[in-house]
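**Student:** Model the structure of this input:
(2 chains)
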Amino acid sequence: MSTIRLVAVGTSWGGLEALGRLLSGLQPGFGAALVVVQHRSAATPEGAMRAYLAERSPLAVVDCDDKEPIQPGRVHLAPPDYHLLVDDGLVTLSLDAPVAYSRPSVDVLFESAADSYGSEMVAVVLTGANTDGSRGVVKVHQAGGRVLVQDPAEAERPEMPAAAIATGAAHEVLDLRHLAIRLNELDRSL
Amino acid sequence: MARDALEDLELRLLLEGIYQRYGYDFREYARSSIRRRVWRRVAEENLQTISGLQERILHEPACMDRLLLDLSVSVTSMFRDPGFFLALRQKVVPILRTYPFIRVWNAGCATGEETLSLAILLHEEGLGDRVRIYATDINKDVVDRARRGVFPLERMRDYTSNYISSGGRTAFSDYYKAVGEVAHFDPDLIENVVFAQHNLVSDADFNEFHLVVCRNVMIYFDRPLQDKVVGLMHRSLTRFGVLALGQKESLRFSTYAGDFEELDAREKIYRRLS
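**Tutor:** Residues are numbered from 1 along each chain as shown, chains lettered A, B, ... in the order given. Model (predicted):
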């Protein structure tokens, strides 16, 4: 079984609550790093999302500055209005134009993560009302990474998970509770 | 050789080729973001590979110009991050007031939106007559555009709202004349601005400044290059001079972290210590 070092999560509409539930299901001592892109407005109060997730997550949650080190067992949040890319071991931000109307873009995260982490990563697509992430999951799949998608029937908005599934790149489609269990299993295989 | 290793080799050869042929040094740009930008140029040129782009760039300077635009311009706006400009007014202007003559360096000025915002702010704070702003960018064409002080009229609604949130003291529309689809800004505002081409990666420091504003430029650099450029800024600042970075850029990770103190932690405004 392959070892995973990075879990990249992308979500949009309804994502905050879904993320809270996903993170609350992770085991303390979870060893891989998580990097999260959630579409959100720059007008949201600074730190509100981090505080909400930190209350629910057994893992530390941080807002990322440029070149933030990606640390095992920590949840790294993309800031609003920047793309977040990963180089091996750290975060790089960019102000390039929005991709499919989104900045941060889930595709940008997934594609850059696939380049740096390849088979050592898992991409997770959660609820959202657009198709961001569907190009990215194809790249992750091609690079040997695993693709997990939230069951559209359970998602607050099914479009984003459905678009990811439609690419044929999804390895597993699970509800939030089972997504967390699956991530714990993949992490334990380390 | 694996596909991604081959791609990485092509990218390194391209950047080396550009450096040797044109002197632009992108070799220490952050790999993930430059890779995206290069691939976008590959697609725009209807090419298939980075090697294909390399051939065209080495043989057609016009193609290099197009890539240079991709690599040097990012989307910007006037009074972007109003909280930053408010912090400048409240925390930095009082420091600048103590100097008889003030030199400001706006490094990576791109098309000039930020430079003009700085000029307006300093004018409103009564410092317009004793300040000189040096606005520089790697790209000569972009600097020429900045010098014109002309921006799309359709952006003025957003800029006005930013201006008001940033503590603006008058009606934003006082500063420009609408001519057709564009807004011409009052030339007096940039009378004391020196626009020039300057490459942060390869050019030396050229003056001593009380304030250096370099926002969202270094995010495209890798960590070692960021250190070099922060070193350049450090050398370019007077003792207790102020360095303003983008909201998500931090000196925490820099080897120069100990040489600066925070003036505003949220807005990433620092002051040179030693």
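**Student:** wait, what's in contact with residue B:185?
**Tutor:** Residues in contact with residue B:185 (CB atoms under 8 Å, 6 or more residues apart in numbering or on different chains) are B:116, B:149, B:150, B:151, B:175, B:176. Every C-beta, even on glycine, is put in place using the N, C-alpha and C of the backbone.
**Student:** er, residue B:52 I mean
**Tutor:** Residues in contact with residue B:52, defined by CB under 8 Å, 6+ apart, are B:42, B:45.
**Student:** Kindly recompute the last result at 10 Å.
**Tutor:** By CB atoms under 10 Å, 6 or more residues apart in numbering or on different chains, the contact list for residue B:52 reads B:10, B:42, B:45, B:46.
**Student:** coming back round to it: using TSV, lay out the contacts of residue B:185 together with secondary structure and distance to residue A:145.
**Tutor:** Formatted as TSV, those follow (DSSP: H, G, I helix; E, B strand; the rest coil; distance: CB to CB, whole Å):
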residue	secondary structure	distance to residue A:145
B:116	helix	45
B:149	coil	48
B:150	strand	47
B:151	strand	43
B:175	helix	51
B:176	strand	50
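**Student:** can you name the two of those residues that are farthest apart?
**Tutor:** Using CB to CB, these span at most 12.6 Å, a distance reached by B:150 and B:175.
**Student:** Tell me which of those two has more neighbours.
**Tutor:** Taking neighbours as other CB atoms under 10 Å in any protein chain shown, residue B:150 and residue B:175 compare with residue B:175 leading, 24 against 16.
**Student:** From chain A, how far out is that one?
**Tutor:** Separation of residue B:175 from chain A (CB to the nearest CB, to the nearest Å): 25 Å.
**Student:** Which residues of the stretch 151-274 of chain B lie near chain A?
**Tutor:** Residues of the stretch 151-274 of chain B lying close to chain A (CB under 10 Å from any CB of the partner chain) are B:215-223, B:226, B:245-254, B:266, B:268.
**Student:** Among the residues you listed, which lie within strands?
**Tutor:** Per DSSP state E, strands hold no members of these.
**Student:** Now, of those, which are buried?
**Tutor:** Buried positions within these, assessed by neighbour count (16 or more other CB atoms under 10 Å in any protein chain shown), are B:215-223, B:226, B:245-251, B:253-254, B:268.
**Student:** pLDDT below threshold where in the chain?
**Tutor:** Unless you meant another one, I'm taking chain A. With pLDDT under 70 as the threshold, chain A has low-confidence stretches at A:1-2, A:189-190.
**Student:** My question was about chain B, not that one.
**Tutor:** For chain B (pLDDT under 70), the answer is B:1-3.
**Student:** longest single helix anywhere in it?
**Tutor:** helix B:3-22 (DSSP state H).
**Student:** That helix - contacts with which helices or strands?
**Tutor:** helix A:106-117, helix B:31-44, helix B:50-59, helix B:61-72 (3 or more CB pairs under 10 Å, 6 or more residues apart in numbering or on different chains; DSSP states H and E).
**Student:** Show me which residues of it are buried.
**Tutor:** B:7, B:8, B:10, B:11, B:14, B:15, B:18.
**Student:** Name the helix or strand for residue 141, please.
**Tutor:** All of this is about chain A. In the assignment (DSSP states H and E), residue A:141 maps to helix A:134-142.
**Student:** think we crossed wires, I meant chain B
**Tutor:** Per DSSP H and E: residue B:141 is located in helix B:140-148.
**Student:** Check residue A:84 too.
**Tutor:** Element membership of residue A:84 [criterion: DSSP H and E] is strand A:83-87.
**Student:** counting contacts, what elements does that strand pack onto?
**Tutor:** strand A:6-11, strand A:33-38, strand A:74-77, strand A:90-94, helix A:106-117, helix B:31-44.
**Student:** gap between residue B:76 and chain A?
**Tutor:** 8 Å.
**Student:** My read is that residue A:148 contacts residue A:141, right?
**Tutor:** No: applying CB atoms under 10 Å, one finds residue A:148 not in contact with residue A:141, separated by 11.3 Å.
**Student:** Next, the contact list for residue 35, please.
**Tutor:** All of this is about chain A. A:6-10, A:64, A:68, A:70, A:74-78, A:84-86, A:91, A:109-110, A:112-113, A:117, A:121.
**Student:** looking at chain B here, not the other one
**Tutor:** With CB under 10 Å, 6+ apart, residue B:35 has these contacts: A:85, A:87, A:111, A:112, A:115, B:7, B:8, B:11, B:29, B:50.
**Student:** For residue B:50, see how far away it is.
**Tutor:** Separation of residue B:35 from residue B:50 (CB to CB, to the nearest Å) stands at 9 Å.
**Student:** and if you look at residue B:186?
**Tutor:** Counting by CB to CB - residue B:186 and residue B:50 are separated by 45 Å.
**Student:** what sits against the residue positioned nearest the centre of chain B?
**Tutor:** With distances taken as CA atoms, centre = their mean, residue B:108 lies nearest the centre of chain B, 2.5 Å away. Shown in contact with residue B:108 (CB under 10 Å, 6+ apart): B:72-74, B:76, B:114, B:135-139, B:142, B:198, B:200, B:213-218, B:220, B:229.
**Student:** For it, which non-adjacent residue is closest in space?
**Tutor:** Leaving aside its sequence neighbours, residue B:108 sits nearest to residue B:217 (CB to CB, 6 or more residues apart in numbering or on different chains; 3.4 Å).
**Student:** residues contacting the one you found?
**Tutor:** A:95, B:72, B:74, B:107-110, B:137-138, B:200, B:226, B:229, B:245-246, B:249.
**Student:** quick one, phi/psi of it?
**Tutor:** phi -100, psi -50 (degrees, to the nearest 10).
**Student:** and if you look at residue A:105?
**Tutor:** The phi/psi pair for residue A:105 (degrees, to the nearest 10) is phi -110, psi 130.
**Student:** That one is in contact with residue A:78, isn't it?
**Tutor:** Yes: at 9.3 Å, residue A:105 counts as touching residue A:78 under the criterion of CB under 10 Å.
**Student:** separation between residue B:75 and residue B:242?
**Tutor:** Here residue B:75 is placed at a distance of 26 Å from residue B:242 (CB to CB).
**Student:** Does the host helix or strand of residue A:148 reach chain B?
**Tutor:** Per DSSP H and E, residue A:148 falls inside strand A:146-150. No: using CB under 10 Å from any CB, strand A:146-150 stays clear of chain B, with a minimum separation of 17.2 Å.
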